[in-house]
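S.K.: okay, sequence plus prediction incoming.
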Amino acid sequence: MQKATESDTEYRNGDWGVKYLMRGPKIDWGIILLKPGQEMSEHGHRQVEETFYFIQGGGKMIVDGKPHPAAQGDAFRLEPPERHAILNDTASETRVLFIKTPYLPEDKT
């Protein structure tokens, strides 16, 4: 068994960005926090599938350059090599749960 506590982990950019709660051995998963106007930069994967679940707020899920409206409760599953980004174009914070599988931490394009 493995346990993680969100408050014990920091966001990549201090008070926003990606926060991994668990890494490996089979999946990566964590939380993305975007403040109004912020964006998770576009990227893709050669082998990793990634799922995003909007747990608070909304914005746009951008897949292969095409924006898709995203609201609290929406989930998106992306397969390689779909390029993706998240834009918070709202007036409030957006929190997104992400899950990546298989665990291949270097698989980012």
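M.R.: Everything's here; your move. The structure displayed is predicted, hence computed values, not measured ones. Numbers count the residues shown, from 1 in each chain.
S.K.: centre-most residue in this structure?
M.R.: Centroid-nearest residue in the chain, with Cα atoms, centre = their mean: residue 98, separated by 4.4 Å.
S.K.: I'd say that one and residue 29 touch.
M.R.: Yes: if you go by Cβ atoms under 8 Å, residue 98 and residue 29 touch, sitting 6.3 Å apart. In short, each C-beta sits where N, CA and C put it, glycine included.
S.K.: need the contact list for the residue lying closest to residue 71 once chain neighbours are set aside.
M.R.: In this structure, residue 71 finds its nearest non-sequential neighbour in residue 58, 4.2 Å apart by Cβ to Cβ, 6 or more residues apart in numbering. Neighbouring residues of residue 58 by Cβ atoms under 8 Å, 6 or more residues apart in numbering: 69-72, 74, 88, 90, 94.
S.K.: can you say which of those residues are buried?
M.R.: Neighbour counting with 16 or more other Cβ atoms under 10 Å marks 70, 88, 90, 94 as buried within those.
S.K.: looking at the residues you listed, which is nearest residue 11?
M.R.: Closest approach to residue 11 among those (Cβ to Cβ): residue 94, at 13.0 Å.
S.K.: could you pull out the buried residues of stretch 72-88?
M.R.: Of the residues in stretch 72-88, 76, 78, 84-88 count as buried by neighbour count, 16+ other Cβ under 10 Å.
S.K.: enumerate every residue touching residue 55.
M.R.: For residue 55, the contacting residues are 31, 72, 95-97, by Cβ under 8 Å, 6+ apart.
S.K.: just to revisit the earlier point, now, which of the contacts of residue 58 lie within helices?
M.R.: Assignment to helices by DSSP state H places none of these there.
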